[in-house]
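Asker: Got a predicted structure plus its sequence, pasted below:
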Amino acid sequence: MIQSRTNPQTTYLTWLIVLGVLTVSGLIAAAAAASSLMVLAVVPVLIVICLLLLKPHLGVYIVILAALVAPLEIGSGTTVALNPVTMLLPVLLGIWFVGMFIHKEIRLVQARVFWPLGLFLLGSLLSLVIGTVIWDPFVPRPNNFLLVQLAQWGIFALSAAAFLFMGNLIRNEKALQRVTAVFLFVAGILAILRVVSLASGLPQLTVVATGAITRSTFWMLLTAVAGGQLLFNNKLRLYQRLFLIIVLVAVVIYSFVQQQETLSNWIGVGVAAVLLVWFRWPQIRWPAIMLLIAFLLSGMLLPFIWNVSGGDAEWWESGGSRLALIERVIEVTARNPITGIGPAAYRPYARIRPLPYRGAFWPDPQVSAHNNYVDIYAHNGILGLILFAWFAFEVMRLGLRLRKQYKIGFTASYVNSMLAAGAGALTLMLLADWVLPFVYNIGFFGFQASVLIWFFIGGLVAVQTFPQAEKTVTKIMPHGAEAITQTL
């Protein structure tokens, strides 16, 4: 959230930009709906492009708004549908690069974390080529399957692009504050409306929202960002704290009451919340660990979690069947475990034999692993898993290093939030393709939520470039005196 002392003119300009982008998006959508009005979209689009060439960081706000409040689907000629954020992100990247050439200022942040990410993308292309060359001639291959595979690789590339975009276009703490404030305001309002709509039976309350608000990654990220600001930002005003508390109450109601049967919701939220508490109050870590061990030894904790998550009925309906799907995916990937069988290729391979499960018989199984790590293994093999693990390690390493530099205030809140969000994302990857959506399953529809994870975690790269004067440390004076913040 915005700190207590900011430039009012800058703040007003930010919100005017947000409202302007929403207005322009509405005009474009209305014009696109009727071919006779297509010309109306030309002028505002040209204005926005010119503005982005001058101030490319405004594209950050466009991505957030497109991911959350542009509920449109665009056909692609395949079974895969696109959406505004999917199409806008590469356009914004292109405008940014063109702007750098126009201004003769080629500036890209140098960070170790980009190496494994770039190699992961190259490895995915290598897997696509090798998978095509060694394709089993007895496995039917649809005529447009190459487009589907490129779409899967596109999800990888767009995720990396979001990470790169945020890491390079945010230049100082004030800019990051404004971006975070816009996300918390828009996402927080949508979360509250979602809870009210489910409670009242009025779905029209969220008619402007995209499918992102139905995804576990959205609620986990919102928990991490809002909770981090609430726990670590000592410069929040009272109304900001009250808003964040209301948002977090809405998250709890949605995840633990209204959608309790959806394991991903409350596990993602729970992991993010636990890690924030772990960071905020180190003195309670050992008591918490001892209490957890006591509950485990008592035999009460695991049965409680089992029953809350749906018990035997949920296991036979979802859990056990997922293991059968994972087994099939691992089986077909054995054809090339080193580099995988190629992006999205396990779907046609897994269909060649019927899949039995508990008396059921799927003659034409449409297999999705529902596990991002298994997906990566099938897409890119062991090589892909190693590169992704390297990327996750570098993100964690960067976050922990920044956490030592920032102890109090907005940036400290942001860094702790992203560490919590990263842990939540890695956990959610066990439960479905939430972070790198499988094109045949969660796909580009779910990308509207996952892109925000990549986007905000990319903010850690931006933080490491902030001017040295913004880095603060906190000293605790003896006898309980208040903390003194000093500039490094």
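Answerer: Alright, I've got the coordinates. Numbering: from 1, shown residues only.
Asker: what does stretch 365-378 contact?
Answerer: 322, 325-326, 328-330, 332-333, 337, 340-341, 345-347, 350-351, 354-355, 384-385, 388, 428-436, 438, 440-441 (C-beta atoms under 8 Å, 6 or more residues apart in numbering). Any C-beta I mention is one placed from the backbone N, CA and C, and that applies to glycine too.
Asker: Any chance of a ChimeraX selection covering the buried ones in the residues you listed?
Answerer: To isolate the buried members of the contacts of stretch 365-378 in ChimeraX, using 16 or more other C-beta atoms under 10 Å:
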select :322,325,326,328,329,332,333,340,341,345,346,347,350,351,355,384,385,388,428,429,431,432,433,434,435,436,438,440,441
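Asker: Keep only those of the contacts of stretch 365-378 that are in helices.
Answerer: Of the positions in the contacts of stretch 365-378, 322, 325-326, 328-330, 332-333, 346-347, 350, 384-385, 388, 428 sit in helices, assigned by DSSP state H.
Asker: Any regions of this protein where pLDDT drops low?
Answerer: Applying pLDDT under 70 to the chain flags residues 1-43, 76-79, 295-296, 299-320, 359, 468-488.
Asker: Helices of the stretch 101-250 of the chain, residue ranges please.
Answerer: Using DSSP state H, counting those that start in this stretch, the helices of the stretch 101-250 of the chain run over 114-133, 145-169, 173-200, 216-232, 238-253.
Asker: Report the buried residues of the last one.
Answerer: Along helix 238-253, these residues count as buried under the neighbour rule (16+ other C-beta under 10 Å): 240, 243-244, 247-248, 250-253.
Asker: quick check, distance from it to the centre of its chain.
Answerer: 21 Å (C-alpha atoms, centre = their mean, to the nearest Å).
Asker: right, and the helix or strand after that helix?
Answerer: helix 263-280 (DSSP states H and E).
Asker: Any chance you could list what contacts that following helix?
Answerer: For helix 263-280, using C-beta under 8 Å, 6+ apart, the contacting residues are 216-217, 219-221, 223-224, 227-228, 231-232, 251-252, 254-256, 259-260, 284-285, 288, 308-310, 314, 403, 416-417, 419-421, 423-425, 427-428, 431-432, 434.
Asker: how about 6 Å then?
Answerer: 216, 219-220, 223-224, 227-228, 231, 255-256, 259, 309, 416, 420, 423-424, 427-428, 431 (C-beta atoms under 6 Å, 6 or more residues apart in numbering).
Asker: Restricted to buried residues, select these in ChimeraX.
Answerer: Selection of buried members from the contacts of helix 263-280 for ChimeraX, criterion 16+ other C-beta under 10 Å:
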select :216,219,220,223,224,227,228,231,255,259,309,416,420,423,424,427,428,431
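Asker: Just say helix, strand or coil for M100.
Answerer: Following DSSP: H, G, I helix; E, B strand; the rest coil, M100 is assigned to helix.
Asker: surely it meets I106?
Answerer: Yes - between M100 and I106 a contact is recorded at 5.2 Å, counting by C-beta atoms under 6 Å.
Asker: mind checking which of the helices of the stretch 101-250 of the chain is nearest G458?
Answerer: helix 145-169 (3.7 Å; C-beta to C-beta).
Asker: how far off helix 173-200 does the closest one point, in degrees?
Answerer: 130 degrees (axes from the mean of the first three to the mean of the last three C-alpha atoms, to 10 degrees).
Asker: what's helix 145-169 packed up against?
Answerer: helix 84-102, helix 114-133, helix 443-457, helix 459-463 (3 or more C-beta pairs under 6 Å, 6 or more residues apart in numbering; DSSP states H and E).
Asker: and the angle from that helix to helix 443-457?
Answerer: Using the same axes, to 10 degrees: helix 145-169 against helix 443-457 is 20 degrees.
Asker: Next, the buried residues of helix 145-169.
Answerer: 145, 148-149, 151-169.
Asker: before we move on, what about stretch 113-126?
Answerer: Buried-residue list, stretch 113-126, by 16+ other C-beta under 10 Å: 113-114, 116-117, 119-121, 123-126.
Asker: Run through who's touching it.
Answerer: 153, 156-157, 160, 343, 380, 383-384, 387-388, 390-391, 394-395, 398.
Asker: Pull that stretch out as PDB, backbone CA atoms only.
Answerer: The C-alpha coordinates for stretch 113-126 follow below in PDB (Å, rounded to 0.1, in the frame of the first residue of the first chain):
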ATOM      1  CA  VAL A 113      17.800 -15.400 -11.800                       C
ATOM      2  CA  PHE A 114      17.400 -14.700 -15.500                       C
ATOM      3  CA  TRP A 115      19.900 -17.400 -16.500                       C
ATOM      4  CA  PRO A 116      17.800 -20.500 -15.500                       C
ATOM      5  CA  LEU A 117      14.700 -18.800 -16.700                       C
ATOM      6  CA  GLY A 118      16.100 -18.200 -20.200                       C
ATOM      7  CA  LEU A 119      17.600 -21.700 -20.300                       C
ATOM      8  CA  PHE A 120      14.300 -23.200 -19.300                       C
ATOM      9  CA  LEU A 121      12.700 -21.500 -22.400                       C
ATOM     10  CA  LEU A 122      15.500 -22.700 -24.700                       C
ATOM     11  CA  GLY A 123      15.200 -26.200 -23.200                       C
ATOM     12  CA  SER A 124      11.500 -26.200 -23.900                       C
ATOM     13  CA  LEU A 125      12.100 -25.400 -27.600                       C
ATOM     14  CA  LEU A 126      14.700 -28.100 -27.600                       C
END
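Asker: So for M100 and I106, which sits in the more crowded spot?
Answerer: M100 (16 against 8; other C-beta atoms under 10 Å).
Asker: what's near enough to touch the more buried one?
Answerer: I106.
Asker: What distance do you get for it to E331?
Answerer: 47 Å (C-beta to C-beta, to the nearest Å).
Asker: on that earlier part again, would you turn the buried residues of stretch 113-126 into JSON lines with distance to L58?
Answerer: As requested, the buried residues of stretch 113-126 are exported to JSON lines (distance: C-beta to C-beta, whole Å):
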{"residue": "V113", "distance to L58": "25"}
{"residue": "F114", "distance to L58": "23"}
{"residue": "P116", "distance to L58": "29"}
{"residue": "L117", "distance to L58": "24"}
{"residue": "L119", "distance to L58": "31"}
{"residue": "F120", "distance to L58": "29"}
{"residue": "L121", "distance to L58": "26"}
{"residue": "G123", "distance to L58": "33"}
{"residue": "S124", "distance to L58": "30"}
{"residue": "L125", "distance to L58": "31"}
{"residue": "L126", "distance to L58": "36"}
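Asker: I'd assumed G446 was in contact with T86.
Answerer: No - with contact defined as C-beta under 6 Å, T86 does not reach G446; the gap is 11.0 Å.
Asker: doesn't N380 make contact with S127?
Answerer: Yes - counting by C-beta under 6 Å, N380 is a contact partner of S127 at 4.8 Å.
Asker: Tell me which of these two has more neighbours.
Answerer: N380 (30 against 26).
Asker: Flag every buried residue along the helix or strand harbouring the more buried one.
Answerer: Using DSSP H and E, N380 sits in helix 372-405. By 16+ other C-beta under 10 Å, the buried positions in helix 372-405 come out as 372-381, 383-388, 390-392, 394-396, 398-399, 402-403, 405.
Asker: got it, and stretch 74-93?
Answerer: 80, 82-86, 88-89, 92-93.
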